[in-house]
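Trainee: I'll drop the sequence and a predicted model, then ask my questions.
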2 protein chains.
Amino acid sequence: MTKPLYLQISGQLRQSVISGEYRPGDMLPSENELAALYKTSRMTVRKSLGVLESEGLVRPWHGKGYFVLQPKYTMFTMYFGDSVTDGRFRFQEVNIIRPTKNVADMLQLKKHQMTIVTRRILERDGRPAAFDEKFIPYERGMPSIEFELHFTEFPGMFEERFAPMSLHTDMTIGVEAAPVHVCKALGLKTATHLLVISRLIRADSDEPEANPAGIPVGYGKQYLTEAFGKLSAKSGYYLQEKL
Amino acid sequence: MTKPLYLQISGQLRQSVISGEYRPGDMLPSENELAALYKTSRMTVRKSLGVLESEGLVRPWHGKGYFVLQPKYTMFTMYFGDSVTDGRFRFQEVNIIRPTKNVADMLQLKKHQMTIVTRRILERDGRPAAFDEKFIPYERGMPSIEFELHFTEFPGMFEERFAPMSLHTDMTIGVEAAPVHVCKALGLKTATHLLVISRLIRADSDEPEANPAGIPVGYGKQYLTEAFGKLSAKSGYYLQEKL
DNA sequence: AAGTGGTCTAGACCACTTC
DNA sequence: AAGTGGTCTAGACCACTTT
């Protein structure tokens, strides 16, 4: 039940760094010094220092020593997904349509290629809180049953067709005047300005030279009203730890 | 110049996971099997697997084996800081003022405690693109020279007074009707809806029991116009790698 | 030359899971 | 009991930095 030695060491060093005893730019004691201090082997000390390194607190410099890093104040972590604990989605439309220019550009569609669209309304306490639309390229012969069944959460729905680890998402956040069909669905005045989240999902291709950014497989927009609440993000070294 | 063995092993395993040869939930070969396969010691194989683990690709399960994880589709990373490469800030005001209720709440100010405020306008091509205001608690006897000199970037300005590693930021993103002084400064119609980023900076206190969330040391709001552009965030396993 | 971290070995013993 | 990962040792040799 006692904590392993390497965690005790990393814990003490971490405390020294967080408390400011060692400040950014300072050098920690060397591996050999720590090994002597804690009466243990160098490999155990290295394991301790590896913990702090993976947390982003220190970085080793070959031939010199371990140095305390500047915290990455400008890196934020935020969580955003399709599923919500508060409220429920109501399907408004599942269809095959001619894409708008924006959608065609984002998905790099061929000329005259259609897209499958789903539109949903998020309701909270019976009142609309957000509007959600997703587009995926339509390939000839796609059975409509398939996408009706599988059109659930965004990156997850591509897991069968693409290697899960190859999927990644680019998100942009901004304010836009909501288009007519969104305002109607949400019961808002036309051109109400809403918080809009756009997501482009890509799958890394097998030939990264030809397509370094990956192949677009899905595009989605979410229009959030004030009832949805705000987005939140966090910054600070300790975020890594808790994953 | 040849890559260390442990990186060769982790590279091959990573490729197998990304390509989908091993899918989420699958078990990797055991440490002993890999050690035999690559004709090396178990510790070297462990180092390889540690690389994949730190990348969030696999997780070891004591007594069972290493398993491929589901990618964390809902975790996004975004960058946001005070400094901008495009455009420049123009100071509008540095002052000691009575805080609004919102600011007093966020900073947990004592009754009648004042705050120092700075207000800046971000200009691009000579046109206002964003409005920035920051509040920090005013302590009696604070020399005004100090905060005028040091009022630069947000978490960084607290590094002298607090342990750098103890600083962390909570950010919220939403749409608000900009208040009068902001609209005036930006040359907008009153109550224009803007993208608003609020940041609360806290320092971890020495008694985490008394103040688990940390002590508020600064609060800031940024009002972004369309000229500022949108915020962007990314999701995908490979993000970790590149830090 | 001396000190630092980087890689690697060939063991050991322990704790957890499965059969 | 056998297989798995978790911790730890006491070395070795190498590459990099400083003196």
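Mentor: Noted; the coordinates are in hand. Numbers count the residues shown, from 1 in each chain, chains lettered A, B, ... in the order given.
Trainee: Kindly format the C-alpha coordinates of stretch A:14-31 as PDB.
Mentor: The C-alpha coordinates for stretch A:14-31 follow below in PDB (Å, rounded to 0.1, in the frame of the first residue of the first chain):
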ATOM      1  CA  ARG A  14       6.800  18.400  -8.200                       C
ATOM      2  CA  GLN A  15       5.900  20.100  -4.900                       C
ATOM      3  CA  SER A  16       9.300  21.900  -5.000                       C
ATOM      4  CA  VAL A  17       8.500  23.100  -8.500                       C
ATOM      5  CA  ILE A  18       4.900  24.200  -7.900                       C
ATOM      6  CA  SER A  19       5.800  26.000  -4.700                       C
ATOM      7  CA  GLY A  20       8.400  28.000  -6.600                       C
ATOM      8  CA  GLU A  21      11.400  26.600  -4.800                       C
ATOM      9  CA  TYR A  22      12.700  25.800  -8.300                       C
ATOM     10  CA  ARG A  23      11.500  28.400 -10.800                       C
ATOM     11  CA  PRO A  24      11.400  28.300 -14.600                       C
ATOM     12  CA  GLY A  25      14.900  28.100 -15.900                       C
ATOM     13  CA  ASP A  26      16.400  26.600 -12.800                       C
ATOM     14  CA  MET A  27      18.200  23.300 -12.900                       C
ATOM     15  CA  LEU A  28      17.200  20.300 -10.800                       C
ATOM     16  CA  PRO A  29      19.800  18.200  -9.000                       C
ATOM     17  CA  SER A  30      21.400  15.700 -11.300                       C
ATOM     18  CA  GLU A  31      20.200  12.100 -11.600                       C
END
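Trainee: which residue ranges form the helices in chain A?
Mentor: A:5-18, A:31-37, A:42-54, A:101-107, A:144-150, A:180-186 (DSSP state H).
Trainee: my guess is A:R120 contacts A:R88, does it?
Mentor: No: using Cβ atoms under 8 Å, A:R120 is not in contact with A:R88, being 9.7 Å away. (Each C-beta comes from the backbone N, C-alpha and C, glycine too.)
Trainee: next one: phi and psi at the residue in chain A positioned nearest to DNA strand D?
Mentor: Relative to DNA strand D, the nearest point of chain A is A:G63 (2.6 Å; Cβ to the nearest atom of the strand). A:G63 adopts backbone torsions of phi 90, psi -10, taken as degrees, to the nearest 10.
Trainee: what's the distance between it and B:T2?
Mentor: As for A:G63, its distance to B:T2 is 20 Å (criterion: Cβ to Cβ, to the nearest Å).
Trainee: One more: A:E53?
Mentor: For A:E53, the distance to B:T2 - Cβ to Cβ - is 24 Å.
Trainee: and the two? which has more neighbours close in?
Mentor: A:E53 (17 against 6; other Cβ atoms under 10 Å in any protein chain shown).
Trainee: Identify the spatial nearest neighbour of the more buried one, chain neighbours not counted.
Mentor: Excluding its sequence neighbours, the residue lying closest to A:E53 (Cβ to Cβ, 6 or more residues apart in numbering or on different chains) is A:R59, at 6.3 Å.
Trainee: circling back to that earlier point, number of nearby residues for the residue of chain A closest to DNA strand D?
Mentor: The number of residues near A:G63, taken as other Cβ under 10 Å, comes to 5.
Trainee: mean confidence score for stretch A:66-76?
Mentor: The average pLDDT for stretch A:66-76 rounds to 93.
Trainee: in that stretch, what's buried?
Mentor: A:66, A:68-69, A:71-76 (16 or more other Cβ atoms under 10 Å in any protein chain shown).
Trainee: Which ones among the residues you listed also lie next to chain B?
Mentor: Filtering the buried residues of stretch A:66-76 for proximity to chain B by Cβ under 8 Å from any Cβ of the partner chain leaves A:68, A:71-76.
Trainee: where's the residue lying closest to A:A227 once chain neighbours are set aside relative to B:A233, distance?
Mentor: Take A:A227 and drop its neighbours on the chain: the residue closest to it by Cβ to Cβ, 6+ apart is A:A129, 4.1 Å away. Per Cβ to Cβ, A:A129 is found 21 Å from B:A233.
Trainee: what's the weakest-modelled helix or strand in chain A?
Mentor: helix A:144-150 (a mean of 60; mean pLDDT, DSSP states H and E).
Trainee: Bridged to the residue nearest to the spatial centre of chain A, which residues?
Mentor: Centrality entry for chain A: nearest residue to the mean C-alpha point is A:Y79, 6.3 Å, by Cα atoms, centre = their mean. Beta-bridge pairing for A:Y79 (DSSP bridges): B:M75.
Trainee: residues touching it, list them.
Mentor: B:74-76 (Cβ atoms under 8 Å, 6 or more residues apart in numbering or on different chains).
Trainee: Using a markdown table, lay out the residues you listed together with distance to A:E31.
Mentor: Shown next, in a markdown table, are these (distance: Cβ to Cβ, whole Å):
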| residue | distance to A:E31 |
| --- | --- |
| B:T74 | 38 |
| B:M75 | 33 |
| B:F76 | 36 |
